[in-house]
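> 3D model of this:
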Amino acid sequence: MEFKIEHTWDEFPVIHEPVTIGIKPTKEGVLMQVSAPFFNDPPAPAGDPGKPFPGLWDYEVVEAFFLCEGSEQYLEVELCPHGQHLLLLLSGRRNAWKQELDLVFDVTRGESRWAGTAHIPWSYFPAGVDRFNAYAIHGSGERRAYEALYPVPQSEIHVGQQPDFHRLEYFKPFSFEGLMGEDWMQPESDLWMKTMPGK
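Model prediction:
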């Protein structure tokens, strides 16, 4: 399953080679593969490569969101070309209850492009994932660019509106069963069942 981010968050075409995200379910979890232009703007975060970095969304990053529409529970995965990552578990729009999860994330980077592979365990995914969106961010100041796989339609943009990647109503249908077979069942997550507030 492959997705290309070809528009800005407000539905204008991007002016560079689009970011590509590949999603491949495995027995242990999901293999997420990113291929993207490397802007090197902003400069690298101060954190160590291979480690979680809070506030990574303020840097150059590619993000994927896996949502269960009925429960509004979702996993946010942020990957940086400099090797840092940030994973958040959210229950309700923008309500993160766990973050900075460990991740096996490998990056290769050239002068103009980067590629990353993240191994995301099933325990990080909420039950019943059925919606998806993906984003890319780069640039500083007035050059800051926000791009979306499924953008907000131009007809629904109002004056002064800012990019918001947690507009869950614009996420589109997504199915692991389509890749794994209709009889496949998403593994249960002890992390979500035992750690979520109220459980």
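> can you list the strands that the strand or helix carrying residue 107 pairs with?
Here residue 107, judged by DSSP states H and E, is contained in strand 104-109. Note on strand 104-109: by DSSP bridges, its sheet partners are strand 113-121 (antiparallel).
> pull the CA atoms of the helix or strand that comes right after the strand it pairs with into CSV?
Next in sequence after strand 113-121, counting helices and strands by DSSP H and E, comes strand 131-138. Taking Å, rounded to 0.1, in the frame of the first residue of the first chain, the C-alpha atoms of strand 131-138 are listed here in CSV:
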residue,chain,number,x,y,z
ARG,A,131,-9.2,5.8,8.8
PHE,A,132,-5.8,7.2,7.7
ASN,A,133,-4.1,10.5,6.9
ALA,A,134,-0.5,11.5,6.3
TYR,A,135,1.4,14.8,6.3
ALA,A,136,4.7,16.3,5.6
ILE,A,137,6.2,19.5,7.0
HIS,A,138,9.4,21.4,6.2
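> what residues does strand 131-138 touch?
With CB atoms under 8 Å, 6 or more residues apart in numbering as the test, strand 131-138 has contacts from 3, 5, 9, 19, 21, 36-37, 39, 41, 57, 59-69, 144-150, 165, 168, 170-174. To be clear about C-beta, it is placed using only N, CA and C from the backbone, and glycine gets the same treatment.
> quick one: the strand holding residue 107 to chain centroid distance?
15 Å (CA atoms, centre = their mean, to the nearest Å).
> residues in contact with that strand?
38, 49-50, 79, 81-83, 85, 114-119.
> tell me the mean pLDDT over it?
Strand 104-109 carries an average pLDDT of 97.
> from here on, count from 331
Understood, numbering begins at 331; the last thing we discussed is strand 434-439.
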